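Asks: structure of the sequence below:
(chains A, B, C and D, ligands or ions: 8)
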Amino acid sequence: MAELKEITRKLKEIHEKIKSEIPWEPIGHTPMPEIADLRNWDMKLLQTYKPFYAPFCDLCCFCTYGKCDLTEDRRGACGIDIGTQQARFVLLACLMGCSAHASHAGHILEVLIEKHGPDKKINLGTSVELEAPNIRTVLGLKPETLGDLKIAIEYVYKEIAHLLDSTHMGQEGSCLDYESKSLHAGMLDHVGMEVADIAQIVGFNYPTSVANTPLVDLGWNSVDKTKPIICFIGHNPATSTVVIDYLQENNLYDKVEVCGVCCTALETTRYSDRAKVIGPFSRQLFYIRSGIADVIMTDEQCIRTDMPQEATKAGSALIATLDKVMYGLEDATEMDTGEIVKKMVEEKKHFAILDGKKAAEVAVKVAMAIAPQRRKQWLTEQEATELAKKCGLCGMCEQVCPNLFDIGRGVNEVAKGNYEVIREIFNLCVGCGKCEEECPRNIPILKIMQVGASKETYKIRAGRGPIMDTEIRTVGAPITLGTIPGVVALVGCSNFPDIRDLAEIVDEFARRKYIVVVSGCTAMAVGMWKDADGKTIYEKYPPEFDAGGVVNVGSCVANSHISGAAIKIANIFAALPLRANYEVMADYVLNRVGAVGIAWGAYSQKAASIATGFNRLGVPVILGPHSSKYRRLYLSRKDEDEWKVMDARKKQIVETGEPSPEHLAYVCETKEKAMVMIPKLCIRKNDTPQGRAIKLNHYISLYKKYMGGGLPEDLPLYVRRDADIPLVYKKEVKAYLTQIGWKPKEPVGLPTLIGTYPTKVPVDSVIH
Amino acid sequence: MAELKEITRKLKEIHEKIKSEIPWEPIGHTPMPEIADLRNWDMKLLQTYKPFYAPFCDLCCFCTYGKCDLTEDRRGACGIDIGTQQARFVLLACLMGCSAHASHAGHILEVLIEKHGPDKKINLGTSVELEAPNIRTVLGLKPETLGDLKIAIEYVYKEIAHLLDSTHMGQEGSCLDYESKSLHAGMLDHVGMEVADIAQIVGFNYPTSVANTPLVDLGWNSVDKTKPIICFIGHNPATSTVVIDYLQENNLYDKVEVCGVCCTALETTRYSDRAKVIGPFSRQLFYIRSGIADVIMTDEQCIRTDMPQEATKAGSALIATLDKVMYGLEDATEMDTGEIVKKMVEEKKHFAILDGKKAAEVAVKVAMAIAPQRRKQWLTEQEATELAKKCGLCGMCEQVCPNLFDIGRGVNEVAKGNYEVIREIFNLCVGCGKCEEECPRNIPILKIMQVGASKETYKIRAGRGPIMDTEIRTVGAPITLGTIPGVVALVGCSNFPDIRDLAEIVDEFARRKYIVVVSGCTAMAVGMWKDADGKTIYEKYPPEFDAGGVVNVGSCVANSHISGAAIKIANIFAALPLRANYEVMADYVLNRVGAVGIAWGAYSQKAASIATGFNRLGVPVILGPHSSKYRRLYLSRKDEDEWKVMDARKKQIVETGEPSPEHLAYVCETKEKAMVMIPKLCIRKNDTPQGRAIKLNHYISLYKKYMGGGLPEDLPLYVRRDADIPLVYKKEVKAYLTQIGWKPKEPVGLPTLIGTYPTKVPVDSVIH
Amino acid sequence: MSQLAPLMPYHRVNILTGTRTARLVEDPVEYAKQIQKAQRPLLVLGPRLLKITLGERLLIEYALDIAKAKNIPTCATATVKSKMVELGVPPDSVYDIVEIVNALKDPNWRGVRKEGNHDLVLFFGFRTDLGEQGLSVLKHFAPHLKTMTLCKYYYPHADFSLPNMRKDEQWKSFLEGLIENLKKE
Amino acid sequence: MSQLAPLMPYHRVNILTGTRTARLVEDPVEYAKQIQKAQRPLLVLGPRLLKITLGERLLIEYALDIAKAKNIPTCATATVKSKMVELGVPPDSVYDIVEIVNALKDPNWRGVRKEGNHDLVLFFGFRTDLGEQGLSVLKHFAPHLKTMTLCKYYYPHADFSLPNMRKDEQWKSFLEGLIENLKKE
Ligand code: SF4
Ligand code: SF4
Ligand code: SF4
Ligand code: SF4
Ligand code: SF4
Ligand code: SF4
Ligand code: SF4
Ligand code: SF4
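Replies: Ligands and ions are numbered 1, 2, ... in the order given. The predicted structure is shown next:
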């Protein structure tokens, strides 16, 4: 009753706001869910995938009752314990991340509504009719215009405020409830990201409904140093697109190079494939310090906070274009353009300019004015060698390197003329500059590394946005049956232990006919490797969302298309209604869609929130070693935990004994381990014998390849009957099974968690 | 141009949403300001009142690039420095606080719109026509119905998300910009609080337009232990009001005691003056541990996070009523009422029940069922003495006490039968329970303290909501001229060094005919003291907002009426238009309204955000010693800084040399120091000679009383001409002035900052 | 906590730093004693053991010597198992680091030899950041066991740790000393 | 940092704790030396000096002895001035703690005797939490000066601090030793 009233109220709200409503599907149980609405689903997940906390500090320092010491069963002055405090911190991180995407979405939406009006139709091309799977599933809203998207983003804003409330001192006392709140924030994040990317595709006319987007130049050497250069840094294309418009309108696009670091770069190539992508976040400081950029334009997120200082050192001009990051600069939004240009050129002043058009004009004029006077070249090898000779091998640099690398040794080798080691380090380097800052001899370590770095240029496929409905129709069956062994989504930031890891992972799984999806900084990093034929993975593999394809969905906000694709499988392929039906979608994905996320280099709070959103939807995520510092994982213990599901056809709860997927958020120390976890985490209870045999084939073969032979210890847990055993390994596996006394078990007809926990969703709703 | 367009757009948005708009005043320059819109005002403030950072940790631990060591000019891997990191932390604290109030507001608004419909008119009685000074000033919106308030709260949600975005790794790089963002959050907080309290007054029919609200019982001994007791803890009256309705509808109100700790208690007495207030946050754990409450109902904020554990230990039943705080309890919202009651009574289970009506019914039934079986009495003195004898004087308790108190000594004296020391400690105690947790001999320190504590009951005046327009008309002139020497607002939480300080401050300033305003936990604390005649300050002083009055505005969210009163003075008394005119209001308050806030015990993030909101509006705030842990103050240096203002009549910038107000956010170590800072921070440049003489009279007299004689060293800075010198001290002051070579200076005709920094506001707009 | 005690602020509620910090041990005899005191020690082996050479030998060989000297059961993480198999000393168990830490947290876990959870866990060969985080888990959530590290860095979250060692020789001689002392008794 | 150095994790990016911690001094001779080395020391006096008695004397008397022994200028905070006037030793300056710390932060400040900013600041008689926060300000933002505390607690944010002293006698004899040593030279 209360539920019905609530649903009616929310529908009425939507009706009122969008002034129309197509009843395209029956409404599910959780339109615009609030904190507690999906809590039972979360608790069910958390029962199997228990939060595992790695405290990053013994203390809590959040209020003036503290600092509170939380060691040894102590509670803070407010009553909180160490685990709950970690959970609170994770929620805060997820909210920082979620709010970053939501604000980006809200901002770009305002800009685009200003440009096109609120009634601009959402049209993602003929192959994308299901335009907004996250929004439809979460809100129960089918957005038809840019204006409709506002409802979605305002809902996200509201929920963010309510979640943030709960981090206040003296609030939530349960780590499980904080986790449920983090999962909520993660889910909201996917809504926010979806709003942003749909708005951008519609408003900027990005390619859509096409797989074969252009191949774009990648790497700092792809930028033509002889021209004036404007470099965008950040995540929000509101200004970069205007700069390109300005260049085109004024016939200057031939005369000025436009490039970028991080996601704004990716966005910009979707707007114009002549823009260059320098690389991921890890290349930011290198590129700035090289001084090659004449004008740097920052927008928001993942920008160095010391940009004004670095720009000044490098002699580059700086324009901050968004209110999130103003660096204390004078706000020149209302100042005369000529005057700004003059001050930037003559007095080398940096400014904040919050009006896109003005910022664009200033940027182009300043770049053209100062470029001719600037000397732009890398350090020579000889200069580098000379500088490297100052190194006293004191080890200070190693002590502060987030990647724990022994930079001194690399510098020392350079002094001897050997660039091998430093090149290795460059691949490991996140470009934070701590080593150089700490060096007592003031050796310009980053410049030396840059000399050692490869001078190659690469290709990246421009982001394509949503997976097409047509593609889903093709792959739906093989994915859920298991004959496409999995969808591997490589997402996240540049805090990976080794940049090559990523390309190797893509290569390995694309070759094995998994579907590989990439986005954000990872999409750039995987492009920075060439095979023996000199091909990047984008050139090597087809761009289709199909077995063996490598798909770049786009920037960080395009991650919503990956969750969206999972939902689409349930909705388009399995024909389960998605509208306000989050639990059914997530349950389907968890039990039947063999997808796994890899955030190998997650550092940013956005990464935490994206991953947590995937988790709520039932997609496991593998993290790199640094991510243990995010304080929380979701781990099962396969030997101890129950692995019960409901067989929806038989309406019986059955103990499968099968830990699939085994973990929801897992840290691997090495690439090798990740190579083995990926196929394993793609296993689903719904696999047919044929599908399971294929998945196990990869599991075993990758295990042999990367773990040095033998069979995975836990293999027997995944073999239900003989038919599951891959042919190639039949003998070896059977011998092992016999040895440990394995017994066959009945596969589950239609596995689901619905019915195993308190929910209003009837079991029958998972049957299609 | 851009500005005009933007204003038009925002007005259109308001129009569309409320479907009507009374053009009651011309629109100012900043309707619904976004992050950058008031930045120039902030920067002007920050130029004089520079942020002063007291880092609470050497490190940053916000992302997986860290922890980063930020000592000795080091920057984090993202480029941030230690000061900026502190500023980021403060912004985060302000956002936690602001979101808590905003979510409370949003929630209560939904509940009340559900109850009364969105068209329920806002009517605050005949004496409050200017119903929403903060909303009108900030948004440019005149809310007429509950539904209109939604626009305000949605605006706050949106800005929270955008501000939170900027705390993401790799965003803002300037501490000043982070401060500007914190000031923005603080301002938003006052909007959110105003929404909440207006909605509550309208929706729950709280007293309004009346000063003489009922005197309500205060103190735990006011609760009748022989009856079943329901105790509310938190800030949100959504459920407590329903409990009272239920009791009344079922003729049970005589049979059940209703009481509360923290702000929900205050709210509840506004709904029904038969409810009892136990006390501020610092009494929470004492009361719970006493086991006197049969049912504890939590809502949100300022609740111990270990409530389920504590409730179980005390044998009390617990119901969590809001999604912010669910403690991992089973959600019984959809469960049958009888079944819940049964499980709570028989199995002693705690539940979350998010449906107010159901929670109310369950609470009453459970309380009535279990009360008769429970033994409720305090420890006896004899028992306490016996228990105290176990103390080994190890000092462990002292080491963990947030108030640094030597509890062991107190316990030891109890062992000797002397309760003096422990009673002293009780007054200093914030009730966190750390001492008891740490005691290796497991001495129940809190229970022992409770035995020592006074058994008196007190009175508190029920919160009255907004200051009346009529009152503003009376006091406007004397306040701005200085003849009412100041408005002293005591707000905030129970982290004061001594509970008596507060009542003494109130007594001192009410006696001196300042206007004293109190709210929240402070309103409770000041009531817990009686003068020689046995009167509390509420009985001793009139409840009018006038010289010598003591006004309790209400709970935390009623703090918005204090900022609102300051705005009303500018608007009603000085007739300056407030609509979307924040700078003009704040400038007026800073230069002409001698108000000072005292958050003597601030611990909560809400306190940080409220205080920061006062700061943006030009109201200085004095904090207690703990608050140095909030990492940031706003201090001037009177000898070094410039004290220039625009004389709006002469249109000239003049150097006044007068540091008034001297600081915006200041920490005092002792009550004595605060007694002297209060009159000083009430000095304004606009004071007439008569007003100034009165203010200096108090400054000198309080200095002599609390600092042990002599004259304040900085007195000469505040004497402009002979006429400013208070008569009583004429000789002494003149001698001092002569001695140091003081020279008279011209008072400023109409002091303003408008015109001294880049703003679109013309100087003339401050002339009334 | 011992060495840090005088360096802790008195009023702990205002403390600057972490509060429980590893006991720093430089003497192999003391380490050996601690190990000998344990009823059910466990040696957890990380992938760095296969990458680092000390003297002429791979680090894993020192690790296996330690295990052998006192019959300490081993847990191989990451890619360590195959090397152990190659060296003819298959591990007693295979878990990745987060998995073994997760199991160790549970006081009722039966341990790799099914004889009950371990009371002393030695970590050897992990990235310092991941190692520290794993040790933090155990410090906070596994009061039933003690932890010890064998790498040449100081690990505050452990119960016993080596100091930071500038010279590999120092480390080598410590490890050799430890092996010798373990064999003794 | 000295004593903590061996107790810091090697990879500082993963450190658990604060990184710069006071040098703990128990010997009055060493304290006296440090004070004597200073060109322009300043003694900042807090309100607790008026509340605590050590032996028969009020703490403020020890403080004034220290100031006198080396002609160290004083800064009175809170209510300290009037007591000093009463004792016939008016302070060289009056600022509250946050104000004096704010002034000290500024390298160009002229100091209480207008001879230039101070190079050593001794804090005596403050709440430990407020004191620590004030010291933190100077540690982070005043590299041009050193700080020292005289209370019987360990203050990590200072440059030099006494250890936590359980016994008042220990403190008393330290202070007396300090006064004596300061007088000597
Ligand atoms: S939030 Fe709780 S644990 Fe954290 S400092 Fe405040 S009282 Fe202590
Ligand atoms: S810039 Fe690279 S090598 Fe240097 S500290 Fe950072 S990650 Fe390590
Ligand atoms: S810090 Fe500088 S001098 Fe020391 S090892 Fe590294 S590069 Fe060489
Ligand atoms: S939680 Fe982070 S900021 Fe707080 S004390 Fe610990 S390391 Fe420092
Ligand atoms: S946010 Fe910056 S300073 Fe903080 S841990 Fe991350 S990189 Fe380091
Ligand atoms: S309960 Fe009171 S006396 Fe005990 S530690 Fe907390 S504040 Fe101190
Ligand atoms: S901790 Fe307990 S035993 Fe020790 S002094 Fe305090 S009350 Fe006494
Ligand atoms: S005054 Fe502070 S402690 Fe009290 S209820 Fe309000 S926020 Fe909580």
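Asks: when you work out contacts or count neighbours from here on, use the C-alpha atoms and nothing else.
Replies: Noted.
Asks: relative to residue C:157, how far out is residue C:118?
Replies: 18 Å (C-alpha to C-alpha, to the nearest Å).
Asks: from the neighbour counts alone, determine which of those two ranks first.
Replies: residue C:157 (31 against 24; other C-alpha atoms under 10 Å in any protein chain shown).
Asks: tell me the SS of the more buried one?
Replies: Put simply, residue C:157 is coil when judged by DSSP: H, G, I helix; E, B strand; the rest coil.
Asks: now do residue A:260
Replies: Applying three-state DSSP: residue A:260 is strand.
Asks: that one and residue A:233 touch, don't they?
Replies: Yes. Between residue A:260 and residue A:233 there is a contact under C-alpha atoms under 8 Å: 5.7 Å.
Asks: please say which of those two ends up with more neighbours.
Replies: residue A:260 (34 against 27).
Asks: now the more buried one, nearest residue through space, not along the chain?
Replies: Distances taken as C-alpha to C-alpha, 6 or more residues apart in numbering or on different chains put residue A:232 closest to residue A:260, at 4.3 Å, once the chain neighbours are dropped.
Asks: am I right that the one you found is in a strand?
Replies: Yes. If the criterion is three-state DSSP, then residue A:232 is within a strand.
Asks: beta partners for it?
Replies: residue A:260, residue A:297 (DSSP bridges).
Asks: ok, now which ones touch it?
Replies: By C-alpha atoms under 8 Å, 6 or more residues apart in numbering or on different chains, residue A:232 lies in contact with A:240, A:258-261, A:264-265, A:296-299.
Asks: mind redoing it with 6 Å?
Replies: Counting by C-alpha atoms under 6 Å, 6 or more residues apart in numbering or on different chains, residue A:232 touches A:260, A:296-298.
Asks: quick check on those residues: which are buried?
Replies: Buried by 16 or more other C-alpha atoms under 10 Å in any protein chain shown: A:260, A:296-298, out of the contacts of residue A:232.
Asks: could I get those residues as a markdown table with distance to ligand 5 and pLDDT?
Replies: Below are those laid out as a markdown table (distance: C-alpha to the nearest ligand atom, whole Å; pLDDT from 0 to 100):
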| residue | distance to ligand 5 | pLDDT |
| --- | --- | --- |
| A:260 | 21 | 95 |
| A:296 | 21 | 98 |
| A:297 | 20 | 98 |
| A:298 | 17 | 97 |
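Asks: ok, so of those residues, who is nearest ligand 6?
Replies: residue A:298 (47.3 Å; C-alpha to the nearest ligand atom).
Asks: ok, and does the longest helix belonging to chain A reach over to chain B?
Replies: The longest helix of chain A (DSSP state H) is helix A:82-116. Yes. Applying C-alpha under 6 Å from any C-alpha of the partner chain, one finds helix A:82-116 in contact with chain B at A:96, A:99-100, A:103.
Asks: with adjacent residues omitted, what lies nearest to the residue of the stretch 251-400 of chain A found nearest ligand 8?
Replies: Here the residue of the stretch 251-400 of chain A nearest ligand 8 is residue A:324; by C-alpha to the nearest ligand atom that distance is 28.3 Å. For residue A:324, ignoring the flanking residues on the chain, the nearest one in space by C-alpha to C-alpha, 6+ apart is residue B:166 at 5.1 Å.
Asks: count of neighbours near the one you found?
Replies: 27.
Asks: from what I can see it touches residue A:322, true?
Replies: No. Between residue B:166 and residue A:322 there is no contact under C-alpha atoms under 6 Å: 10.4 Å.
Asks: could you find the closest non-adjacent residue to residue 48?
Replies: Assuming you mean chain A. residue A:636 (5.7 Å).
Asks: wrong chain, I was asking about chain C
Replies: Nearest residue to residue C:48, sequence neighbours excluded (C-alpha to C-alpha, 6+ apart): residue C:125, at 4.5 Å.
Asks: and chain B, is the helix or strand encompassing residue A:447 touching that?
Replies: Residue A:447 belongs to helix A:445-452 when assigned by DSSP states H and E. No. On the criterion C-alpha under 6 Å from any C-alpha, helix A:445-452 is out of touch with chain B, staying 13.5 Å away.
Asks: just say helix, strand or coil for residue 179.
Replies: Reading this off chain A. Following three-state DSSP, the label given to residue A:179 is helix.
Asks: try again with chain C
Replies: Under three-state DSSP, residue C:179 comes out as helix.
Asks: tell me the contacts of residue A:263?
Replies: Applying C-alpha under 6 Å, 6+ apart, we find residue A:263 in contact with A:235, A:520, A:555.
Asks: name the nearest residue to residue 126, sequence neighbours excluded.
Replies: Using chain A here. When the adjacent residues along the chain are set aside, residue A:126 lies closest to residue A:209, with 6.5 Å between them (C-alpha to C-alpha, 6+ apart).
Asks: sorry, I should have been clearer: chain C.
Replies: residue C:46 (4.8 Å).
Asks: give me the number of residues near the one you found?
Replies: Residue C:46 - counted by other C-alpha under 10 Å - has 24 other residues nearby.
Asks: swap in residue A:652?
Replies: 15.
Asks: tell me if I'm right that it and residue A:644 touch.
Replies: No. Under the criterion of C-alpha under 6 Å, residue A:652 makes no contact with residue A:644, lying 10.0 Å away.
Asks: give the rounded mean pLDDT of the strand or helix carrying residue A:202.
Replies: Secondary structure from DSSP H and E places residue A:202 in helix A:175-204. For helix A:175-204, the mean per-residue pLDDT is 98.
Asks: near ligand 1 at all, it?
Replies: No. Taking C-alpha under 6 Å from any ligand atom as the criterion, helix A:175-204 and ligand 1 are apart, separated by no less than 13.6 Å.
Asks: dihedrals phi and psi, the residue nearest to residue A:126?
Replies: As for residue A:209, its main-chain torsions (degrees, to the nearest 10) stand at phi 60, psi 30.
Asks: for it, give its distance to ligand 1.
Replies: According to C-alpha to the nearest ligand atom, to the nearest Å, residue A:209 and ligand 1 sit 49 Å apart.
Asks: that residue - how many residues pack around it?
Replies: Neighbour count of residue A:209, defined by other C-alpha under 10 Å: 20.
Asks: what's the pLDDT at it?
Replies: Listed pLDDT for residue A:209 reads 94.
Asks: then residue A:442?
Replies: In this model, residue A:442 carries a pLDDT of 95.
Asks: tell me the contacts of the residue nearest to residue A:281 when sequence neighbours are not counted?
Replies: Nearest non-adjacent residue to residue A:281, counting by C-alpha to C-alpha, 6+ apart: residue A:262, 5.4 Å away. By C-alpha under 6 Å, 6+ apart, the residues touching residue A:262 are A:234, A:280-281.
Asks: quick one: which of those residues is most hemmed in?
Replies: Neighbour counts for those (other C-alpha under 10 Å) peak at residue A:281, which has 27 neighbours.
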